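Novice: Let's see this in three dimensions:
(one chain, ligands or ions: 1)
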Amino acid sequence: MKDLTPDRSTLDPIEIASRDEIVALQVDRLKWSLSHAYTNVPHYKAAFDAAGVHPDDLTALSDLSKFPFTTKQDLRANYPFDMFAVPRNQVKRIHASSGTTGQPTVVGYTENDLANWSQVVARSLRAAGMQPGDLLHNAYGYGLFTGGLGIHLGADALGLTTIPISGGMTPRQVRLIEDFKPKGITVTPSYALSVLDEFNAQGLDPRASSLEVGIFGAEPWTNAMRTEIEQAFDMHAVDIYGLSEVIGPGVSMECVETKDGLHIWEDHFLPEIINPETGEPVADGEIGELVFTSLTKEAFPIVRYRTRDLTRLLPGTARSMRRMEKVTGRSDDMIILRGVNVFPTQIEECLMASPGLAPHFQIELSKPDRMDQMRVLCEAADASTNRADAGKTLASRIKQTIGISVAVDVANPGQVERSQGKAVRILDKR
Ligand code: DLL
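Specialist: Numbering: from 1, shown residues only. From the prediction side, this is the model:
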């Protein structure tokens, strides 16, 4: 793999500023953001008043813990536009979550918000090793989902040539990679595996493709998956994180030179980690639920938003801004199986360590006799795999490393449902 480390002179000065400078900027911006939310969004005025706090009470970052959290329910209760802090005609763009689990969450952006978003995404793409003039194959979905259009904005700002292919039509994805020869691909890691299958199905060598870096996010994925994808394509695989409620992709990004967790663009998004049960902030380094407060957003300021994503904060390395560890999972995706907490990423790790199995999987939960049962649905890497043996090996690895007994079904290659965007990992039949 080529060294893609960006030249430090091309970074935004704030990326390598001192911690003192970053904190001073955060305090100023946080005061503005809290007062903007309080003055312009009835929900925030009511919530701050009920908690007995006022934006003027904040003099240091640590004062933020006095302010109330915002949850997905709050956003739903204010559907569609009541969380907006500017008149509707100043909102240039609207995005929304898919709403498959309830009412969609609607978010809005002013012209300045779009400019800031493009800046943090451009920074992220540069951190992945992309440079002005490079070709980017953008396979995140275009539409209400923030992935496609969010990456596109940042690619424009960085001066890339973008192929806005969006998700789906996998044979065409492969053809355009072969014909256009992009340097980078932006895609969910699970869909990258579908693209990989298609390379193999067409008898093409993915390692011989032009791709030098894959920028993967929108769903949890493990370091084991990183190794698998890097080897399969002979390219770097880096992690990009974000959520619509905070802005979209580009909240934090892993640097290609270190691949040691994701630097949070702290000049725009202030992170906290809290104990999900008590709501109390925990110290940097401790695992808990990630909470974000926006520092510059005009249309849709967000105060102490509970992401439900679990991770921990670590000091900066390649950049001055703090890192978050790769997200292990969402608290919503945590399965409690006979008293043991399990995340799909743990199953992924066991699967990747098991020879003869393809990296595709789903987890089926059922309750045949009042006891929860988990079945891992996966498939053989190729016809040479002994499916029964491979299944036993995976079940015993899961028993040893996670401590739970599960059934494993190893199907023939191609049988597990493929992702076109975010993978559906859990099939809950209880
Ligand atoms: O998934 C934004 C995005 C698009 C990020 C493209 C990266 C690339 P939502 O649809 O609102 O936004 O979903 C946000 O997805 O709270 C996490 O649970 C999960 N997620 C996003 N990125 C990662 C990641 C986009 N790198 C939700 N690792 C978040 C783990 C991620 N989970």
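Novice: Other residues contacting the one helix or strand Ile240 maps to?
Specialist: Using DSSP states H and E, Ile240 sits within strand 236-243. For strand 236-243, contacts defined as C-beta atoms under 8 Å, 6 or more residues apart in numbering pick out 1, 4, 124, 127-129, 146, 150, 186, 189, 212-217, 221, 225-226, 229-230, 248-256, 259, 262, 307, 309, 324, 326-327. Glycine gets a C-beta too; all of them are placed from N, C-alpha and C.
Novice: how far out from the middle of the chain is that strand?
Specialist: 6 Å (C-alpha atoms, centre = their mean, to the nearest Å).
Novice: and that strand, what's its mean pLDDT?
Specialist: For strand 236-243, mean pLDDT is 98.
Novice: from the contacts of strand 236-243, which would you call buried?
Specialist: Buried residues within the contacts of strand 236-243, counting neighbours by 16 or more other C-beta atoms under 10 Å: 4, 124, 127-129, 146, 150, 186, 189, 212-217, 221, 225-226, 229-230, 248-256, 259, 262, 307, 309, 324, 326-327.
Novice: Buried residues, stretch 374-385. List them.
Specialist: Along stretch 374-385, these residues count as buried under the neighbour rule (16+ other C-beta under 10 Å): Met374, Val376, Leu377, Cys378, Glu379, Ala380, Ala381, Thr385.
Novice: just the helices in the stretch 101-250 of the chain please.
Specialist: With DSSP state H, counting those that start in this stretch, the ranges of helices along the stretch 101-250 of the chain come out as 111-127, 146-158, 170-180, 189-201, 223-233.
Novice: quick one on the thing from earlier: for the strand holding Ile240, which strands pair with it and how are they oriented?
Specialist: Partners of strand 236-243 in the sheet, by DSSP bridges, are strand 213-217 (parallel), strand 248-254 (antiparallel).
Novice: before we move on, the earlier item: please list which of the contacts of strand 236-243 are also close to the ligand.
Specialist: Residues of the contacts of strand 236-243 in contact with the ligand (C-beta under 6 Å from any ligand atom): Thr146, Gly217, Gly248, Pro249, Thr307, Asp309, Val327.
Novice: pLDDT on the helix or strand hosting the fifth one, on average?
Specialist: Pointing back at Thr307 there. Here Thr307, judged by DSSP H and E, is contained in strand 305-311. The average of the pLDDT scores along strand 305-311 is 97.
Novice: Touching it from outside, list them.
Specialist: Counting by C-beta under 8 Å, 6+ apart, residues outside strand 305-311 touching it are 69-72, 243, 245-246, 273-274, 276, 287-293, 324-332.
Novice: Around Asp57, how many other residues sit close by?
Specialist: Asp57 is flanked by 13 other residues according to other C-beta atoms under 10 Å.
Novice: Same question for Glu325.
Specialist: Neighbours around Glu325, by other C-beta under 10 Å: 15.
Novice: measure it to Pro271 for me?
Specialist: 12 Å (C-beta to C-beta, to the nearest Å).
Novice: and what of Val23?
Specialist: Val23 is 13 Å from Pro271, by C-beta to C-beta.
Novice: Mind checking which of the two has more residues around it?
Specialist: Pro271 (21 against 14).
Novice: looking at this, the more buried one is in a helix?
Specialist: No. When classified by DSSP: H, G, I helix; E, B strand; the rest coil, Pro271 is found to be strand rather than part of a helix.
Novice: Specify the beta-bridge partners of it.
Specialist: Applying DSSP bridges, one finds that Pro271 bridges with Phe292.
Novice: Spit out the contact partners of it.
Specialist: Pro271 neighbours (C-beta under 8 Å, 6+ apart): Ile264, Leu290, Val291, Phe292, Leu313, Arg322, Met324.
Novice: Pop out the phi and psi values for the last one.
Specialist: Comment: the main-chain dihedrals of Met324 come out as phi -110, psi 140, following degrees, to the nearest 10.
Novice: Just the pLDDT for it.
Specialist: 98.
Novice: Neighbouring strands of the lengthiest strand in the chain in the sheet, and parallel or not?
Specialist: Looking across the chain with DSSP state E, the single longest strand is strand 357-366. Paired neighbours of strand 357-366 in the sheet (DSSP bridges): strand 373-380 (antiparallel), strand 426-428 (parallel).
Novice: Could you list the buried residues of that strand?
Specialist: Leu357, Ala358, Pro359, His360, Phe361, Gln362, Ile363, Glu364.
Novice: Just give me the closest of these to Ala155.
Specialist: Of all the buried residues of strand 357-366, Pro359 has the smallest distance to Ala155: 27.4 Å, by C-beta to C-beta.
Novice: Confirm for me that the closest one is in contact with Arg226.
Specialist: No. Here Pro359 does not reach Arg226: they are 11.3 Å apart, not a contact under C-beta atoms under 8 Å.
Novice: which residue sits closest to Glu286, ignoring its sequence neighbours?
Specialist: Of all residues not flanking Glu286 in the chain, Arg312 sits nearest, at 5.8 Å (C-beta to C-beta, 6 or more residues apart in numbering).
Novice: Tell me, how many residues neighbour that neighbour?
Specialist: The number of residues near Arg312, taken as other C-beta under 10 Å, comes to 18.
Novice: residue of the stretch 251-400 of the chain with the smallest distance to the ligand?
Specialist: Val327 (3.7 Å; C-beta to the nearest ligand atom).
Novice: can you pull the contacts of that residue?
Specialist: So Val327 contacts Pro220, Tyr241, Leu290, Asp309, Leu310, Thr311 (C-beta under 8 Å, 6+ apart).
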